[in-house]
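>>> With the sequence up front, the predicted model follows.
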Amino acid sequence: MKFGYFHNIHDITLKRDYEDLLNEMREIAAICDDGGIHCFWLPEHHFSIWGRELMPNPVLMAADIGARTKNMRIGLAAAIITFWHPLRLAEDISLLDNLIGGRLELAVGRGNYGLEALNLNPAADPNDPERNFKVFKETFHILKTALTNERFSHKGDLYTYPAPGFKVDRAHTVDDPDYIDPETGELIKISIYPRPKQTPYPPLWQVVSASPLSLQFAAENDMGIIMWRHPVKFLKNRLRMYRDFASKATGRELPFGARTAILRDTYIAESEAEARKIAGDAVMGSFNFSNWRGPGVYLNPDEKLDPELEASLNDELTFDFVNQRSLLFGSPEQVVDKLMELWEETHIEQVAFKCSWPGFPHEHTIRSIKLLIGEVIPEVNRRLQAQANAAE
(Lines give C-alpha, C1' and ligand atoms only; values in the text may rest on other atoms or scores of the structure.)
Protein backbone atom coordinates (compact mmCIF):
# COMPACT_ATOMS: atom_id res chain seq x y z
CA MET A 1 0.00 0.00 0.00
CA LYS A 2 1.28 3.44 -0.98
CA PHE A 3 0.48 6.70 0.75
CA GLY A 4 -0.39 10.04 -0.83
CA TYR A 5 -1.34 13.43 0.46
CA PHE A 6 -4.04 15.69 -1.02
CA HIS A 7 -4.03 19.44 -0.49
CA ASN A 8 -6.23 22.28 -1.65
CA ILE A 9 -5.87 25.97 -0.85
CA HIS A 10 -8.61 27.64 1.19
CA ASP A 11 -9.27 31.04 2.70
CA ILE A 12 -12.85 31.54 3.82
CA THR A 13 -12.03 35.12 4.80
CA LEU A 14 -10.78 35.89 1.26
CA LYS A 15 -8.49 38.41 2.92
CA ARG A 16 -5.19 36.57 3.36
CA ASP A 17 -2.24 37.17 1.06
CA TYR A 18 -2.28 34.34 -1.46
CA GLU A 19 1.50 33.99 -1.16
CA ASP A 20 1.02 33.07 2.51
CA LEU A 21 -1.36 30.31 1.43
CA LEU A 22 1.18 29.10 -1.12
CA ASN A 23 3.93 29.05 1.49
CA GLU A 24 1.78 26.95 3.80
CA MET A 25 1.26 24.47 0.98
CA ARG A 26 4.98 24.47 0.23
CA GLU A 27 5.74 23.70 3.87
CA ILE A 28 3.33 20.75 3.79
CA ALA A 29 4.86 19.51 0.54
CA ALA A 30 8.39 19.69 1.97
CA ILE A 31 7.37 17.67 5.02
CA CYS A 32 5.69 15.08 2.81
CA ASP A 33 8.69 14.88 0.49
CA ASP A 34 11.10 14.31 3.36
CA GLY A 35 8.70 11.94 5.08
CA GLY A 36 8.31 9.34 2.36
CA ILE A 37 4.91 10.29 0.93
CA HIS A 38 4.53 8.62 -2.45
CA CYS A 39 2.47 11.28 -4.25
CA PHE A 40 1.32 14.83 -3.51
CA TRP A 41 -2.10 15.39 -5.13
CA LEU A 42 -3.49 18.75 -6.30
CA PRO A 43 -7.05 19.64 -7.37
CA GLU A 44 -8.52 22.13 -9.84
CA HIS A 45 -11.37 24.51 -9.01
CA HIS A 46 -12.53 27.91 -10.22
CA PHE A 47 -14.51 30.97 -9.10
CA SER A 48 -14.82 29.98 -5.44
CA ILE A 49 -16.49 33.09 -4.05
CA TRP A 50 -16.69 31.21 -0.73
CA GLY A 51 -12.92 30.82 -0.48
CA ARG A 52 -13.12 27.05 -0.09
CA GLU A 53 -11.31 25.92 -3.25
CA LEU A 54 -8.69 28.35 -4.47
CA MET A 55 -6.47 26.41 -6.87
CA PRO A 56 -7.43 27.20 -10.47
CA ASN A 57 -4.37 25.71 -12.18
CA PRO A 58 -2.89 22.46 -10.84
CA VAL A 59 -0.38 22.35 -13.69
CA LEU A 60 1.31 25.57 -12.55
CA MET A 61 1.07 24.50 -8.91
CA ALA A 62 2.61 21.11 -9.70
CA ALA A 63 5.52 22.80 -11.46
CA ASP A 64 6.14 24.92 -8.36
CA ILE A 65 5.91 22.01 -5.92
CA GLY A 66 7.95 19.79 -8.22
CA ALA A 67 10.76 22.36 -8.34
CA ARG A 68 10.90 22.41 -4.52
CA THR A 69 10.85 18.64 -3.94
CA LYS A 70 13.01 15.71 -4.96
CA ASN A 71 11.44 12.41 -4.07
CA MET A 72 7.67 12.22 -4.17
CA ARG A 73 5.56 12.14 -7.26
CA ILE A 74 3.24 15.05 -8.05
CA GLY A 75 -0.34 14.27 -9.01
CA LEU A 76 -3.19 16.25 -10.54
CA ALA A 77 -6.43 15.08 -8.92
CA ALA A 78 -8.07 16.07 -10.96
CA ALA A 79 -7.30 18.07 -14.04
CA ILE A 80 -10.81 18.94 -15.19
CA ILE A 81 -10.06 18.27 -18.81
CA THR A 82 -13.49 19.34 -20.07
CA PHE A 83 -12.43 22.93 -19.31
CA TRP A 84 -9.17 22.77 -21.28
CA HIS A 85 -8.31 23.11 -24.96
CA PRO A 86 -7.24 19.53 -25.76
CA LEU A 87 -3.97 20.37 -27.52
CA ARG A 88 -2.92 22.99 -24.96
CA LEU A 89 -3.66 20.45 -22.25
CA ALA A 90 -1.48 17.83 -23.94
CA GLU A 91 1.37 20.32 -24.37
CA ASP A 92 1.15 21.53 -20.76
CA ILE A 93 1.03 17.99 -19.35
CA SER A 94 4.01 16.93 -21.43
CA LEU A 95 6.03 20.01 -20.50
CA LEU A 96 5.14 19.55 -16.82
CA ASP A 97 6.33 15.95 -16.87
CA ASN A 98 9.69 17.17 -18.15
CA LEU A 99 9.89 20.06 -15.69
CA ILE A 100 9.49 17.78 -12.67
CA GLY A 101 11.75 14.99 -13.88
CA GLY A 102 9.14 12.42 -14.90
CA ARG A 103 7.37 12.42 -11.52
CA LEU A 104 3.92 13.34 -12.81
CA GLU A 105 0.74 11.38 -12.09
CA LEU A 106 -2.28 12.56 -14.08
CA ALA A 107 -5.82 12.06 -12.83
CA VAL A 108 -8.57 13.48 -15.02
CA GLY A 109 -12.08 14.52 -14.16
CA ARG A 110 -15.32 15.61 -15.82
CA GLY A 111 -16.19 18.46 -13.43
CA ASN A 112 -18.91 18.68 -10.80
CA TYR A 113 -19.86 22.35 -10.69
CA GLY A 114 -22.14 24.14 -13.13
CA LEU A 115 -20.66 27.50 -12.10
CA GLU A 116 -17.28 26.41 -13.42
CA ALA A 117 -18.50 24.77 -16.61
CA LEU A 118 -20.87 27.55 -17.67
CA ASN A 119 -18.05 30.08 -17.46
CA LEU A 120 -15.29 27.93 -18.99
CA ASN A 121 -17.01 25.50 -21.37
CA PRO A 122 -20.83 25.46 -21.34
CA ALA A 123 -20.83 22.29 -23.43
CA ALA A 124 -19.38 20.48 -20.40
CA ASP A 125 -22.14 21.48 -17.96
CA PRO A 126 -22.40 18.57 -15.47
CA ASN A 127 -26.12 19.24 -15.19
CA ASP A 128 -26.31 17.70 -18.68
CA PRO A 129 -24.40 14.45 -17.95
CA GLU A 130 -24.68 12.97 -21.44
CA ARG A 131 -23.24 16.06 -23.10
CA ASN A 132 -20.63 16.46 -20.38
CA PHE A 133 -19.44 12.88 -20.90
CA LYS A 134 -19.25 13.43 -24.66
CA VAL A 135 -16.87 16.39 -24.14
CA PHE A 136 -14.86 14.43 -21.59
CA LYS A 137 -14.55 11.34 -23.78
CA GLU A 138 -13.36 13.19 -26.87
CA THR A 139 -11.00 15.47 -24.93
CA PHE A 140 -9.44 12.48 -23.20
CA HIS A 141 -9.02 10.64 -26.50
CA ILE A 142 -7.17 13.62 -27.99
CA LEU A 143 -5.00 14.00 -24.88
CA LYS A 144 -3.98 10.36 -24.84
CA THR A 145 -3.41 10.26 -28.60
CA ALA A 146 -1.25 13.38 -28.52
CA LEU A 147 0.84 12.10 -25.60
CA THR A 148 1.30 8.68 -27.17
CA ASN A 149 2.09 9.49 -30.81
CA GLU A 150 4.86 11.54 -32.35
CA ARG A 151 2.45 12.47 -35.15
CA PHE A 152 -1.32 12.24 -34.99
CA SER A 153 -4.63 13.47 -36.32
CA HIS A 154 -8.13 13.56 -34.89
CA LYS A 155 -11.56 14.07 -36.39
CA GLY A 156 -14.48 13.93 -33.97
CA ASP A 157 -17.84 15.51 -33.29
CA LEU A 158 -16.29 18.40 -31.35
CA TYR A 159 -12.70 18.81 -32.55
CA THR A 160 -10.65 18.26 -35.69
CA TYR A 161 -6.83 18.39 -35.65
CA PRO A 162 -4.98 19.50 -37.66
CA ALA A 163 -7.42 22.19 -38.76
CA PRO A 164 -8.52 21.34 -42.32
CA GLY A 165 -7.10 23.25 -45.25
CA PHE A 166 -3.74 24.39 -43.88
CA LYS A 167 -0.88 24.36 -46.39
CA VAL A 168 1.41 27.28 -45.72
CA ASP A 169 1.64 30.56 -43.85
CA ARG A 170 4.40 33.13 -43.41
CA ALA A 171 6.05 31.10 -40.66
CA HIS A 172 5.38 27.52 -41.68
CA THR A 173 6.07 25.85 -44.99
CA VAL A 174 4.80 22.30 -44.87
CA ASP A 175 6.90 19.96 -47.02
CA ASP A 176 7.59 16.99 -44.73
CA PRO A 177 5.99 13.87 -46.29
CA ASP A 178 5.29 12.50 -42.81
CA TYR A 179 2.86 15.37 -42.21
CA ILE A 180 1.21 16.26 -45.52
CA ASP A 181 -1.13 14.79 -48.08
CA PRO A 182 1.19 14.18 -51.06
CA GLU A 183 -1.52 15.09 -53.56
CA THR A 184 -2.87 18.30 -52.04
CA GLY A 185 0.03 19.43 -49.86
CA GLU A 186 -2.43 19.88 -47.01
CA LEU A 187 -1.29 19.29 -43.41
CA ILE A 188 -2.87 16.03 -42.21
CA LYS A 189 -0.72 15.21 -39.16
CA ILE A 190 0.39 17.32 -36.23
CA SER A 191 2.79 16.98 -33.28
CA ILE A 192 3.09 18.37 -29.79
CA TYR A 193 6.39 19.27 -28.19
CA PRO A 194 8.03 18.28 -25.97
CA ARG A 195 7.23 14.61 -25.73
CA PRO A 196 6.41 13.38 -22.18
CA LYS A 197 9.43 12.32 -20.17
CA GLN A 198 7.62 9.14 -19.11
CA THR A 199 6.91 6.65 -21.88
CA PRO A 200 4.40 6.57 -23.42
CA TYR A 201 2.74 8.98 -20.95
CA PRO A 202 2.50 9.65 -17.21
CA PRO A 203 0.44 7.17 -15.16
CA LEU A 204 -3.22 7.94 -15.81
CA TRP A 205 -6.06 7.99 -13.30
CA GLN A 206 -9.69 9.04 -13.30
CA VAL A 207 -11.34 10.60 -10.26
CA VAL A 208 -14.67 8.80 -10.27
CA SER A 209 -18.02 8.99 -8.55
CA ALA A 210 -17.96 5.17 -8.60
CA SER A 211 -20.71 4.90 -11.20
CA PRO A 212 -20.34 1.79 -13.40
CA LEU A 213 -19.96 4.00 -16.49
CA SER A 214 -16.97 5.82 -14.98
CA LEU A 215 -15.36 2.59 -13.76
CA GLN A 216 -15.75 1.00 -17.17
CA PHE A 217 -14.36 4.02 -19.02
CA ALA A 218 -11.32 4.16 -16.75
CA ALA A 219 -10.65 0.44 -17.07
CA GLU A 220 -10.96 0.48 -20.85
CA ASN A 221 -8.68 3.48 -21.23
CA ASP A 222 -5.65 2.43 -19.15
CA MET A 223 -6.56 4.53 -16.11
CA GLY A 224 -6.55 3.74 -12.44
CA ILE A 225 -9.40 5.08 -10.31
CA ILE A 226 -9.46 7.47 -7.36
CA MET A 227 -12.52 7.51 -5.10
CA TRP A 228 -13.47 9.58 -2.06
CA ARG A 229 -15.52 9.08 1.11
CA HIS A 230 -17.11 5.71 0.30
CA PRO A 231 -17.21 3.14 3.13
CA VAL A 232 -15.26 -0.11 2.95
CA LYS A 233 -18.09 -2.43 1.88
CA PHE A 234 -19.02 -0.10 -0.96
CA LEU A 235 -15.37 0.16 -1.97
CA LYS A 236 -15.06 -3.62 -2.17
CA ASN A 237 -18.09 -3.74 -4.45
CA ARG A 238 -16.69 -1.11 -6.81
CA LEU A 239 -13.16 -2.52 -6.76
CA ARG A 240 -14.51 -5.86 -7.92
CA MET A 241 -16.42 -4.08 -10.67
CA TYR A 242 -13.33 -2.15 -11.78
CA ARG A 243 -11.17 -5.30 -11.69
CA ASP A 244 -13.68 -7.14 -13.88
CA PHE A 245 -13.87 -4.29 -16.39
CA ALA A 246 -10.06 -4.02 -16.53
CA SER A 247 -9.54 -7.76 -16.86
CA LYS A 248 -12.01 -7.90 -19.74
CA ALA A 249 -10.42 -4.87 -21.44
CA THR A 250 -6.84 -6.15 -21.19
CA GLY A 251 -7.41 -9.89 -21.47
CA ARG A 252 -5.45 -10.56 -18.27
CA GLU A 253 -6.51 -10.84 -14.66
CA LEU A 254 -5.95 -7.64 -12.67
CA PRO A 255 -5.21 -8.24 -8.98
CA PHE A 256 -7.97 -7.06 -6.67
CA GLY A 257 -7.20 -3.51 -5.52
CA ALA A 258 -4.56 -2.82 -8.17
CA ARG A 259 -4.64 0.64 -9.76
CA THR A 260 -7.12 1.95 -7.19
CA ALA A 261 -6.90 4.73 -4.62
CA ILE A 262 -9.09 6.28 -1.94
CA LEU A 263 -8.94 9.76 -0.44
CA ARG A 264 -9.56 9.84 3.30
CA ASP A 265 -10.12 12.92 5.45
CA THR A 266 -7.72 12.33 8.34
CA TYR A 267 -6.87 13.81 11.68
CA ILE A 268 -4.48 12.27 14.18
CA ALA A 269 -4.21 13.34 17.81
CA GLU A 270 -3.75 11.72 21.22
CA SER A 271 -7.19 10.11 21.01
CA GLU A 272 -10.28 9.97 18.82
CA ALA A 273 -12.02 12.36 21.20
CA GLU A 274 -9.15 14.83 20.91
CA ALA A 275 -9.08 14.51 17.10
CA ARG A 276 -12.81 15.22 16.99
CA LYS A 277 -12.45 18.17 19.36
CA ILE A 278 -9.73 19.75 17.22
CA ALA A 279 -10.91 18.93 13.69
CA GLY A 280 -14.49 17.65 13.88
CA ASP A 281 -16.21 20.95 13.16
CA ALA A 282 -13.83 21.72 10.28
CA VAL A 283 -14.27 18.40 8.52
CA MET A 284 -18.04 18.45 8.95
CA GLY A 285 -18.22 22.00 7.64
CA SER A 286 -16.46 20.75 4.52
CA PHE A 287 -18.65 17.67 4.20
CA ASN A 288 -21.86 19.65 4.63
CA PHE A 289 -20.79 22.31 2.15
CA SER A 290 -20.64 19.55 -0.46
CA ASN A 291 -23.66 17.61 0.79
CA TRP A 292 -25.53 18.15 -2.46
CA ARG A 293 -24.82 14.46 -3.15
CA GLY A 294 -26.71 13.52 0.01
CA PRO A 295 -25.93 10.75 2.50
CA GLY A 296 -25.99 8.07 -0.20
CA VAL A 297 -22.26 8.65 -0.79
CA TYR A 298 -21.58 7.12 2.63
CA LEU A 299 -23.86 4.08 2.37
CA ASN A 300 -22.93 0.44 1.89
CA PRO A 301 -24.49 -1.62 -0.94
CA ASP A 302 -28.20 -2.26 -0.35
CA GLU A 303 -28.17 -0.17 2.84
CA LYS A 304 -31.41 1.73 3.46
CA LEU A 305 -31.80 4.58 5.88
CA ASP A 306 -34.84 5.28 7.98
CA PRO A 307 -36.74 8.00 6.05
CA GLU A 308 -36.64 10.39 9.00
CA LEU A 309 -32.87 9.89 9.41
CA GLU A 310 -32.31 10.27 5.69
CA ALA A 311 -34.22 13.55 5.62
CA SER A 312 -32.21 14.79 8.58
CA LEU A 313 -28.88 13.83 6.95
CA ASN A 314 -29.91 15.48 3.71
CA ASP A 315 -30.14 18.70 5.72
CA GLU A 316 -26.97 18.15 7.72
CA LEU A 317 -24.55 15.24 7.97
CA THR A 318 -23.31 14.38 11.45
CA PHE A 319 -19.85 13.38 12.60
CA ASP A 320 -21.18 10.19 14.18
CA PHE A 321 -22.74 9.15 10.85
CA VAL A 322 -19.64 9.66 8.68
CA ASN A 323 -16.89 8.83 11.16
CA GLN A 324 -16.67 5.03 10.88
CA ARG A 325 -17.66 5.14 7.22
CA SER A 326 -15.32 7.73 5.77
CA LEU A 327 -12.90 9.28 8.27
CA LEU A 328 -9.51 8.38 9.68
CA PHE A 329 -9.79 10.20 13.00
CA GLY A 330 -8.08 9.02 16.16
CA SER A 331 -4.80 8.25 17.87
CA PRO A 332 -1.89 6.95 15.79
CA GLU A 333 -2.67 3.39 16.91
CA GLN A 334 -6.35 3.75 16.04
CA VAL A 335 -5.58 5.10 12.58
CA VAL A 336 -3.05 2.30 12.00
CA ASP A 337 -5.75 -0.24 12.87
CA LYS A 338 -8.22 1.43 10.49
CA LEU A 339 -5.68 1.43 7.66
CA MET A 340 -4.85 -2.23 8.23
CA GLU A 341 -8.56 -3.08 8.16
CA LEU A 342 -8.91 -1.11 4.91
CA TRP A 343 -5.95 -2.99 3.42
CA GLU A 344 -7.14 -6.42 4.50
CA GLU A 345 -10.59 -5.80 3.08
CA THR A 346 -9.65 -4.09 -0.19
CA HIS A 347 -5.90 -4.38 -0.94
CA ILE A 348 -6.29 -0.85 -2.27
CA GLU A 349 -3.11 0.40 -3.94
CA GLN A 350 -2.99 3.89 -2.44
CA VAL A 351 -4.54 5.91 0.37
CA ALA A 352 -4.31 9.69 0.00
CA PHE A 353 -4.73 11.63 3.24
CA LYS A 354 -6.30 15.06 3.64
CA CYS A 355 -5.64 16.90 6.91
CA SER A 356 -6.88 20.42 6.18
CA TRP A 357 -10.24 22.04 5.58
CA PRO A 358 -11.52 25.60 5.07
CA GLY A 359 -10.92 27.68 8.16
CA PHE A 360 -8.74 25.05 9.85
CA PRO A 361 -5.53 26.39 11.47
CA HIS A 362 -2.37 25.50 9.57
CA GLU A 363 -0.53 24.47 12.73
CA HIS A 364 -3.13 21.78 13.43
CA THR A 365 -2.68 20.41 9.92
CA ILE A 366 1.10 20.24 10.38
CA ARG A 367 0.71 18.45 13.72
CA SER A 368 -1.47 15.73 12.16
CA ILE A 369 0.82 15.27 9.15
CA LYS A 370 3.87 14.85 11.39
CA LEU A 371 2.09 12.14 13.42
CA LEU A 372 0.99 10.51 10.17
CA ILE A 373 4.53 10.43 8.78
CA GLY A 374 6.33 9.81 12.04
CA GLU A 375 4.12 7.16 13.65
CA VAL A 376 1.27 5.91 11.48
CA ILE A 377 2.89 5.14 8.13
CA PRO A 378 6.00 3.45 9.60
CA GLU A 379 3.84 1.16 11.73
CA VAL A 380 1.56 0.27 8.81
CA ASN A 381 4.63 -0.52 6.70
CA ARG A 382 6.05 -2.63 9.52
CA ARG A 383 2.84 -4.65 9.80
CA LEU A 384 2.57 -5.09 6.04
CA GLN A 385 6.16 -6.31 5.86
CA ALA A 386 5.50 -8.75 8.71
CA GLN A 387 2.51 -10.12 6.80
CA ALA A 388 4.62 -10.50 3.66
CA ASN A 389 7.38 -12.27 5.57
CA ALA A 390 4.89 -14.64 7.19
CA ALA A 391 3.42 -15.50 3.79
CA GLU A 392 6.79 -16.52 2.32
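Done, it's in.

>>> Give me the distance from stretch 74-90 to the chain's centre.
On the basis of Cα atoms, centre = their mean, to the nearest Å, stretch 74-90 sits 11 Å off its chain's mean C-alpha point.

>>> nope, stretch 126-134 is what I was after
20 Å.

>>> And stretch 252-270, by the same measure?
That offset, for stretch 252-270, works out to 12 Å (Cα atoms, centre = their mean).

>>> now it: mean pLDDT?
Mean pLDDT, stretch 252-270: 97.

>>> same thing with stretch 59-76?
So the average pLDDT for stretch 59-76 ends up being 98.

>>> how about it: buried residues?
59, 61-66, 69, 72-76 (16 or more other Cβ atoms under 10 Å). Every C-beta, even on glycine, is put in place using the N, C-alpha and C of the backbone.

>>> Equivalent analysis for stretch 333-344, please.
Applying 16+ other Cβ under 10 Å to stretch 333-344 flags 334-336, 338-340, 342-343 as buried.

>>> what's the distance between D34 and K354?
19 Å (Cβ to Cβ, to the nearest Å).

>>> low pLDDT regions in the stretch 151-300 of the chain?
Counting by pLDDT under 70, the stretch 151-300 of the chain shows no low-confidence range.

>>> Quick check: which element contains W205?
For W205, the host element (DSSP states H and E) is strand 204-207.

>>> Can you give the strand pairings for that strand, parallel or anti for each?
Partners of strand 204-207 in the sheet, by DSSP bridges, are strand 104-109 (parallel), strand 224-228 (parallel).

>>> and the buried residues of stretch 333-344 as a markdown table, adding secondary structure?
Below are the buried residues of stretch 333-344 laid out as a markdown table (DSSP: H, G, I helix; E, B strand; the rest coil):
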| residue | secondary structure |
| --- | --- |
| Q334 | helix |
| V335 | helix |
| V336 | helix |
| K338 | helix |
| L339 | helix |
| M340 | helix |
| L342 | helix |
| W343 | helix |
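
>>> so which of the buried residues of stretch 59-76 comes closest to D265?
G75 (17.5 Å; Cβ to Cβ).

>>> Pull up the gap between that closest one and F217, please.
Counting by Cβ to Cβ, the gap from G75 to F217 is 19 Å.

>>> Could you do Q206 as well?
7 Å.

>>> likewise N237?
18 Å.

>>> Looking at those two, which one has more neighbours?
F217 (20 against 15; other Cβ atoms under 10 Å).

>>> tell me the contacts of the more buried one?
Neighbouring residues of F217 by Cβ atoms under 8 Å, 6 or more residues apart in numbering: 137, 206, 223.

>>> gap between it and D34?
37 Å.
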